[in-house]
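*Asks:* Below are the sequence and a predicted model for it; my questions follow.
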Amino acid sequence: MIVCVCNNISDREIRQAVDLGLTSMADLYKELGVGTCCGKCVSYAREVMHEHLESKTVVTELRRAPADRLVA
């Protein structure tokens, strides 16, 4: 779906940009031109970016609860 009509930027392109390391609206503005014309796309572009960032969350540490605290 097209997110930024002025610059013809799709939600897929925003997700790909996140996969390549973009993590802020400033990054999307600078690299893709999102929000540089009329600005109507900014809220939806932010939503797409945040949803994709959240879906990429990686567990970096696991903690094991002591056996006496486990509920059966």
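*Replies:* Done, it's in. Numbers count the residues shown, from 1 in each chain.
*Asks:* pLDDT below threshold where in the protein?
*Replies:* Applying pLDDT under 70 to the chain flags residues 57-60, 65-72.
*Asks:* Against which helices or strands is the lengthiest helix in the chain packed?
*Replies:* Across the chain, the longest stretch assigned as helix under DSSP state H is helix 42-55. Applying 3 or more Cβ pairs under 8 Å, 6 or more residues apart in numbering; DSSP states H and E, one finds that helix 42-55 contacts strand 2-4, helix 11-19, helix 25-32. Placement of C-beta: from N, CA and C, glycine included.
*Asks:* Would you check that residue 18 makes contact with residue 51?
*Replies:* No - applying Cβ atoms under 8 Å as the test, residue 18 and residue 51 come out as separate, 9.5 Å apart.
*Asks:* Now do the contacts for residue 35.
*Replies:* 4, 25, 28, 29, 41, 42, 45 (Cβ atoms under 8 Å, 6 or more residues apart in numbering).
*Asks:* re earlier: of residue 18 and residue 51, who's got more company?
*Replies:* residue 18 (20 against 14; other Cβ atoms under 10 Å).
*Asks:* what about burial for the contacts of residue 35, which qualify?
*Replies:* Using 16 or more other Cβ atoms under 10 Å as the burial test, the contacts of residue 35 include 4, 25, 28, 41, 42, 45 as buried.
*Asks:* Tabulate those (CSV), appending distance to residue 63.
*Replies:* Listed next are the buried ones among the contacts of residue 35 as CSV, based on distance: Cβ to Cβ, whole Å:
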residue, distance to residue 63
4, 42
25, 34
28, 35
41, 41
42, 38
45, 36
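*Asks:* Now for residue 20, how many residues are close by?
*Replies:* Quick note: residue 20 (other Cβ under 10 Å) scores 9 neighbours.
*Asks:* measure it to residue 27 for me?
*Replies:* In this structure, residue 20 and residue 27 are 10 Å apart, going by Cβ to Cβ, to the nearest Å.
*Asks:* In this structure residue 36 contacts residue 9, no?
*Replies:* No - contact criterion Cβ under 8 Å: residue 36 and residue 9 do not qualify, at 10.0 Å.
*Asks:* who has more neighbours, the two?
*Replies:* residue 9 (21 against 15).
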